[in-house]
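Peer 1: predicted model and sequence below, questions to follow.
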Amino acid sequence: MISAKEKRLQQPGKLVSLSSEILWEETLHGSSTWSHVLKRGTALRITAEADNANVGALFMNADNSSERLNLPDTLKAQHIARLTTGAVLYSDMGRILCSITDDMLGWHDPLGGCSDAALVAEKFGLLDYQEARNGWHQNALDGFVIELAKYGLDRRDLTMNVNFFSKVEVDKDGSMHFVEKHSKAGDAVELRAEMNTLVILNTCQHPMNPDREYRQIPVRLAAKRVQAPGADDVCRKFRPENERGFTLTERYFL
Amino acid sequence: MPEAVLVTSPRVPEQAIFSEDVRAGDSFVYEIKRGQFVRIVDLEGNQAVDTLFYNAHDYSDRYSAQDTIRGQQNIYLTTGTKLISSARNVLLTIVADTCGRHDTLGGACATESNMVRYAIEKRFMHACRQSFLKGAMEWSDKTGREFGKKDLTANINFFMNVPVTPAGKLTFEDGVSDAGKYVELRAEMDTLIVISNCPQLNNPCNAYNPTPVRVLIWDVASSI
């Protein structure tokens, strides 16, 4: 596949907007883990390659890992229990790690958490690498902890995670319900980094998904160079709280 | 909100082995043993008690909000709730609750989040994460164990009312607690408790009036 950058080089006369310059693309396989320091001024577009995808995600300040995604702060600052266009992901320091600038789904889950070895064994049975090679049964918690270790981090650095492409509804009595068939192939969400953000993704199935079939659902990742959020940015304008969140984030880089 | 099921405890304060009042704006750090019971009493009503729990033998194994709510498929904590750790252990079980509902999604207030939520000029105001950090650092000094900011994760807000709507909105409502209401937990493991008695003056989580709470502990032998 020819990247936008390569296309531009092939067509020197054609102006390509810097706001959507694709830096590279890759596929993240199902039930696997990925990480990258997403630089301020770039964005990550995640596109489901099949139905019922799930992408667990952790975020932290790559320049100071004690500053991490704080989902309670994220939810209460914006009065939300779901994530979609306009919402931002707050660190514990009142700053914005990433913004959700585009979303085709309207709901990504901040509540359900991640699967672990016992849950996966109970649901799908044990299947090890020796037997199944890349089809072995993996879980999100182990994937997160191993990936954290690559950056000198450990279980103490684990926080609540987001589950992109999944939806968990909460009834009036507080009961939680996983909504099946929420996402379709081609659905996409885009995250703009407002800080240099270590992003860790894991594509294991959502821990509340009642599907008893172990599935490996891939997603497509595209890293892009994007323009800085302007005064009328959809995330900045989403809530008055976000105006202050952007101000505090911008001050961090002054 | 559906009618809450209120459960009282058979334990009486006279038989408690420990009792201490925690003033608003203070932290409280204490280790309890497996089988002991700990009660937190909202002495004057509508107070928010921000609380974290840890496996006393491994602080990297600590209370996990997501695992706890997923485990019971409900976001509100009350009698019967098992508090699940990040390593999927049961740290404590709520055995009595005369309030009926406790929050674990609202997190703890911080000077930084206050700037976002209210005004940048609010930075000077006292906040739970100041107390959590102070309590954690003092405990680390006292015990020689590593314990600090990295260990501060999503907490429980006892007595706080943070409803989520089916449309995915999260709201802060007036407390459902009242003077004398309490929540009581049985430790299923040796557990470190870290409390910040919330000093927040900017929202109704404590009716704009932070007040003291009481921590009572009963030993296994004195339990009924």
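Peer 2: Everything's here; your move.

Peer 1: residues touching the closest residue to A:G143 other than its chain neighbours, list them.
Peer 2: The shortest distance from A:G143 to any non-neighbouring residue, by C-beta to C-beta, 6 or more residues apart in numbering or on different chains, is to A:T33 (3.8 Å). C-betas here are computed from N, CA, C, even on glycine. Under the criterion of C-beta atoms under 8 Å, 6 or more residues apart in numbering or on different chains, the neighbours of A:T33 are A:143-144, A:146-147, A:200-203.

Peer 1: nearest residue to the middle of the chain?
Peer 2: Answering for chain A, as no chain was given. By C-alpha atoms, centre = their mean, the mean C-alpha position of chain A lies nearest to A:A57, the distance being 4.5 Å.

Peer 1: meant chain B, my bad for not saying
Peer 2: Central residue of chain B (C-alpha atoms, centre = their mean): B:T51, at 2.8 Å.

Peer 1: B:H102 against B:N157, yeah?
Peer 2: Yes. Under the contact definition of C-beta atoms under 8 Å, B:H102 touches B:N157, with a separation of 6.6 Å.

Peer 1: thinking again about what came up before, centre of the chain to the stretch of helix or strand the residue nearest to the centre of chain B belongs to, how far?
Peer 2: With secondary structure defined by DSSP states H and E, B:T51 is part of strand B:49-55. When distances are taken as C-alpha atoms, centre = their mean, to the nearest Å, strand B:49-55 is centred 6 Å away from the chain's centroid.

Peer 1: equivalent analysis for stretch A:45-58, please.
Peer 2: 8 Å.

Peer 1: same thing with stretch B:90-101?
Peer 2: Here the centre of stretch B:90-101 is set off from its chain's centre by 11 Å, with C-alpha atoms, centre = their mean.

Peer 1: phi, psi for A:A228 please.
Peer 2: In terms of degrees, to the nearest 10, the main-chain angles of A:A228 are phi -60, psi 150.

Peer 1: return the per-residue confidence for it.
Peer 2: You'll see A:A228 listed with a pLDDT of 95.

Peer 1: do A:S20 as well
Peer 2: Reported pLDDT at A:S20 in the predicted model: 72.

Peer 1: neighbours of it, just the number please.
Peer 2: Other residues lying near A:S20 total 14 when counted by other C-beta atoms under 10 Å in any protein chain shown.

Peer 1: do I have it right that it meets A:V226?
Peer 2: Yes. Between A:S20 and A:V226 there is a contact under C-beta under 8 Å: 7.1 Å.

Peer 1: which SS state does the closest residue to A:R155 other than its chain neighbours fall under?
Peer 2: Nearest non-adjacent residue to A:R155, counting by C-beta to C-beta, 6+ apart: B:S60, 4.3 Å away. The three-state label given to B:S60 by DSSP: H, G, I helix; E, B strand; the rest coil is strand.

Peer 1: and for A:T101?
Peer 2: Recorded secondary structure, A:T101: strand (three-state DSSP).

Peer 1: let me know the pLDDT of it.
Peer 2: According to the predicted model, the pLDDT of A:T101 comes to 98.

Peer 1: is the longest helix anywhere in chain B in proximity to chain A?
Peer 2: Criterion DSSP state H: the longest helix present in chain B is helix B:128-143. Yes. With C-beta under 8 Å from any C-beta of the partner chain as the threshold, helix B:128-143 lies in contact with chain A, specifically through B:R129.

Peer 1: strands along chain B, start to end?
Peer 2: Assigned by DSSP state E, chain B shows strands spanning B:18-22, B:27-32, B:37-42, B:49-55, B:58-62, B:82-84, B:90-97, B:156-158, B:181-187, B:191-197, B:213-218.

Peer 1: ok, now chain A?
Peer 2: Taking DSSP E to define them, one finds strands in chain A at A:21-28, A:33-38, A:42-48, A:55-61, A:88-90, A:96-103, A:162-164, A:168-170, A:176-178, A:188-193, A:197-202, A:219-225.

Peer 1: how about the nearest residue to whichever residue of chain B sits closest to chain A, chain neighbours excluded?
Peer 2: Closest approach of chain B to chain A (C-beta to the nearest C-beta) occurs at B:G107, with a separation of 2.5 Å. Spatial nearest neighbour of B:G107, excluding adjacent residues (C-beta to C-beta, 6+ apart): A:P72 at 2.5 Å.

Peer 1: test my guess that the one you found contacts B:I156.
Peer 2: No. When contacts are counted by C-beta under 8 Å, A:P72 is not listed as touching B:I156 (10.8 Å).

Peer 1: what touches both of those two?
Peer 2: Counting by C-beta under 8 Å, 6+ apart, the contacts common to A:P72 and B:I156 are B:A65.
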